[in-house]
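>>> build me a model:
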Amino acid sequence: MRKCIVPVLLACFCTLVSQNAMASDLGLKGLGVSVGMVSPEDIDATFGFGVFADHGFITPEIALESRIDYWSKSEDTGFGEFSLRDIEVSARGKYMFPTSSGRLFPYAGAGLGLHFLNAKVDVPPMDLGGGNVIPGYTAEDSETRLGLDIGGGFQMPVNPKTDFVAEAWYGIVSDVSQFSLRVGMEWALGQ
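As a prediction, the model looks like this:
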């Protein structure tokens, strides 16, 4: 059942986009990079980075963005080292609030993402004395989970082809929900 959710949601999204394509301004409009702090559930905060693409507007107020974000965190547990890694591929719709200012463009949005999670535990051998040694081992597991992103931020033009972006997002992912604060730069393509 869960494996059917992603294709069905993707088909619905594609249908919605194709129906609005005539009234929209879709295409590859810009590319950007971001860096920031990610705070996964039950794990200390870590550094994250990503790339994103601006695909224009579905409606006059709703922009479409795709992203690839990455973070990893390793911690010493006292008995060995635990590490967790997340690569997220997502699409987000962003409602751009109308403003009279030409310098600050706030937005709020939501989106869906696939999280490619990898967890690994390395336990070194333990010498109990008297020739008794517990052998070390490594265990690793990977899983793909669907997540819901909710957040917002603002864009601020630096020059006619470059925008500064600051945002906060909360990703709801089973057992690995995460809060992120990121800043980045977006460069317009064409024109």
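>>> show me what the strand or helix carrying Tyr70 is packed against.
Per DSSP states H and E: Tyr70 is located in strand 62-76. Applying 3 or more CB pairs under 8 Å, 6 or more residues apart in numbering; DSSP states H and E, we find strand 62-76 packed against strand 25-40, strand 46-57, strand 81-96, strand 105-123. Heads up, the C-betas are built off the backbone N, CA and C, glycines and all.
>>> tell me which strands it pairs with, and in which orientation.
Counting by DSSP bridges, the strands paired with strand 62-76 are strand 46-57 (antiparallel), strand 81-96 (antiparallel).
>>> reformat the helices and strands packed on strand 62-76 as TSV; add mean pLDDT, distance to Tyr170 and mean neighbour count.
Formatted as TSV, these follow (pLDDT from 0 to 100; distance: least, CB to CB, whole Å; neighbours: other CB atoms under 10 Å):
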stretch	mean pLDDT	distance to Tyr170	mean neighbour count
strand 25-40	94	10	17
strand 46-57	96	14	18
strand 81-96	95	12	18
strand 105-123	95	10	17
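>>> before we move on, the earlier item: export the strands paired with strand 62-76 to JSON lines and tack on distance to Val133?
Below are these laid out as JSON lines (distance: least, CB to CB, whole Å):
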{"stretch": "strand 46-57", "distance to Val133": "33"}
{"stretch": "strand 81-96", "distance to Val133": "19"}
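>>> quick one: closest of those strands to Val38.
Val38 lies closest, by CB to CB, to one member of these: strand 46-57, at 3.9 Å.
>>> contacts for the closest one?
The list of residues contacting strand 46-57 from outside it, by CB atoms under 8 Å, 6 or more residues apart in numbering, reads 24-40, 63-73, 88, 180, 182, 184, 186, 188.
>>> pull the longest strand from this protein.
strand 137-159 (DSSP state E).
>>> pLDDT of that strand, averaged?
Here strand 137-159 scores 95 as its mean pLDDT.
>>> pairing partners for it, with directions?
Using DSSP bridges, strand 137-159 pairs in its sheet with strand 105-123 (antiparallel), strand 162-172 (antiparallel).
>>> now render the ones you listed as TSV, adding distance to Phe82.
Output for these, formatted as TSV (distance: least, CB to CB, whole Å):
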stretch	distance to Phe82
strand 105-123	5
strand 162-172	20
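>>> so which of these comes closest to Val133?
Short answer: strand 105-123, nearest of the strands paired with strand 137-159 by CB to CB, at 12.6 Å.
>>> ok now do the most centrally placed residue in the chain, which residues does it touch?
By CA atoms, centre = their mean, the chain has its centre lying nearest to Asp69, at 4.5 Å. Neighbour list for Asp69: 34, 48-50, 86-88, 90, 180 [criterion: CB under 8 Å, 6+ apart].
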